[in-house]
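Novice: need coordinates for the following:
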Amino acid sequence: MDLVFYLTLFSFLLLFGLIDNNIDFDFWARLIVGKSFFQTGSLFNYDFYSYGTTHKFIDHEWGSSLVFYLIQNYFSDIGLLIFKTLIIFLTLFLITKIIRLKDNNIPLYFLFFFFSLHSICYTIFSTIRCQTFSFLFFVFYLYILELARCKKDYKVLFCLPILNIIWANLHGGFLVGLVLILLFAFGEFLNNRKYMPYLIIFFISSLTSLANPWGFEYISYIIKAFSLNRVHIVEWQSAFFSKYSKIYLTSFIKFKTFFFISIIIFIYSIFKNIKLSGFKKFYTQIDKTKYLIILFTTIISIKAMRCHPFFVYSVLAYCYSDFYKIFNKKLPLVFDKTKEFILLFLVLISTISHINPKSPIFKTSENQYPIHCIEFIKINNLKGNVLTNFHEGSYGAYKLYPNNLIFMDGRYEEVYDNNLINELARFYLAYNYEDLLKKYKSDILILDKYYPVVEKLKNNKDWFLAYEDKKYALFLDKKYKNNNFKMPSNDENYYNREKFKTNINWVN
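Specialist: Numbering: from 1, shown residues only. Modelled structure (predicted):
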């Protein structure tokens, strides 16, 4: 039956990979880094495609950039889709291995995984992102740490310093892995078990973090990055408590439902056990390590939306058997043996129904990117500095460099002056908007039409509206006004066929 479970799970992951086919905003910056590295053999420590205030920077996702570029360059859309599916599948496979370490005979039922994954589908099923590696390595660390203490074979822990080198060069989330090792050390200390092996591995793993292109400077940057104020970045906000809490009150309902049900059942089981055995016996018998990990992932998932998968994965790994005992109902034997096959069949049919071979798997949608405005700039050979919203900057740079520089992109914490994103926010809200235009000498503006600054610019004699589509408005400096402009194509297939074409080239 395990084979049926894993086939069902893989089909489900593939299905959702096909449904959400928008390309992540920062993916273009990753492709630029990857291409630049393989053509020049080096990592740039300066930005070459922005005109906003930049500084020497450290790229904590450089390893992911190489992986993504190679897959995109050789296997294109289908390669990216399969790679994303495999990464998530491997993450969940490791979770099942953790479950089986606790109880080797417990059945693996798809529905519990189904509801758990649905609660974070907006995070893990989007176009593959660098943090996907952190979710994988988080679970990988959990498995190795649990394997060591369940088998009482601590030699396996020496895998972690090696894995830490890989994780640290793929994504800055490797700090979560170091925290995880410390939690195990403290938890096992409270459990009156061996804890020194974990402390030793924590020390060695911390040292291997230095095996990166920047050495200690990289570690210093990562620690500083975790303390940055990301008030303008939605995924770093709390889905529970934030100044935008009214907006998020009815959002992320699936995750909040999973979160509160998990916490309520978890708390209920605590009180039930205390009532049965008394607090002293309960405290003596419980697995403190498990409770520390659940507490840690609860805190970080409350703090930031992008951390929701850490909570869900830890609950799946440590509480699956608890939930199974509560909700499992014995079915007649004939149904019990066939229900997983029926479920697999339904998922496969559903998957096939979502495959459309005539359209590209990953799309640059006009609702997500200013594809028409970017094409307008290209076909009219308009050279100059282009200001877009920061999350669209990477796409603008990928398509327009070297004829155009962009103001900034999603690498704001790595590359740009800390105040730059605040200046951009004030510009969009039309607070002294002309100051930013003069300070940074912008020539071309691509703006979401709902921003207040759009109406201001329509009445500004130094700018004119050259083009607009359903979502975006393109303003040009008055020096371009005498041009006879060509209009961009409305054929969406054209933009998707051309999406990975770029003039960034270091060979010629």
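Novice: where does the stretch 251-400 of the chain have low pLDDT?
Specialist: Counting by pLDDT under 70, the stretch 251-400 of the chain contains low-confidence ranges at 325-360.
Novice: ditto for the chain
Specialist: Looking along the chain with the criterion set at pLDDT under 70, you get 1, 20, 228-232, 242-250, 325-360.
Novice: the domain parsing of it - what is it?
Specialist: For the chain, automatic domain parsing gives the domain ranges 94-340, 371-497.
Novice: adding distance to F10 and mean neighbour count, write the ones you listed out as JSON lines.
Specialist: Where C-beta positions appear, they are placed from N, C-alpha and C, glycine not excepted. As requested, these are exported to JSON lines (distance: least, CB to CB, whole Å; neighbours: other CB atoms under 10 Å):
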{"stretch": "domain 94-340", "distance to F10": "11", "mean neighbour count": "17"}
{"stretch": "domain 371-497", "distance to F10": "26", "mean neighbour count": "18"}
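Novice: possible to save these as JSON lines with distance to D47?
Specialist: Below are the domains of the chain laid out as JSON lines (distance: least, CB to CB, whole Å):
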{"stretch": "domain 94-340", "distance to D47": "15"}
{"stretch": "domain 371-497", "distance to D47": "5"}
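Novice: relative to I88, which of those is closest?
Specialist: Nearest of the domains of the chain to I88, taken as CB to CB: domain 94-340 at 5.8 Å.
Novice: my read: N367 touches K471, true?
Specialist: Yes. Counting by CB atoms under 8 Å, N367 does reach K471; the two are 6.4 Å apart.
Novice: please report phi then psi for the residue lying closest to T388 once chain neighbours are set aside.
Specialist: Take T388 and drop its neighbours on the chain: the residue closest to it by CB to CB, 6 or more residues apart in numbering is I446, 4.5 Å away. Note on I446: its backbone torsions stand at phi -120, psi 110 [degrees, to the nearest 10].
Novice: pull the CA atoms of stretch 284-293 into CSV?
Specialist: Below are the C-alpha coordinates for stretch 284-293, written out as CSV (Å, rounded to 0.1, in the frame of the first residue of the first chain):
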residue,chain,number,x,y,z
THR,A,284,8.8,13.1,33.0
GLN,A,285,7.4,11.0,30.1
ILE,A,286,6.9,13.6,27.3
ASP,A,287,9.4,14.1,24.5
LYS,A,288,10.7,17.6,25.3
THR,A,289,12.5,17.7,21.9
LYS,A,290,9.3,17.2,20.0
TYR,A,291,7.6,20.0,22.0
LEU,A,292,10.5,22.4,21.5
ILE,A,293,10.4,21.9,17.7
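Novice: can you start the count at 443 instead of 1 from here on
Specialist: Done: numbering now begins at 443, and the last item shifts to stretch 726-735.
Novice: roughly how far out does that stretch sit from the chain middle?
Specialist: 29 Å (CA atoms, centre = their mean, to the nearest Å).
Novice: give me the element L887 is part of.
Specialist: Using DSSP states H and E, L887 falls within strand 886-890.
Novice: from the contact counts, what lies against that strand?
Specialist: Contact partners of strand 886-890 among helices and strands, from 3 or more CB pairs under 8 Å, 6 or more residues apart in numbering; DSSP states H and E: helix 813-821, strand 826-829, helix 894-900, strand 914-919.
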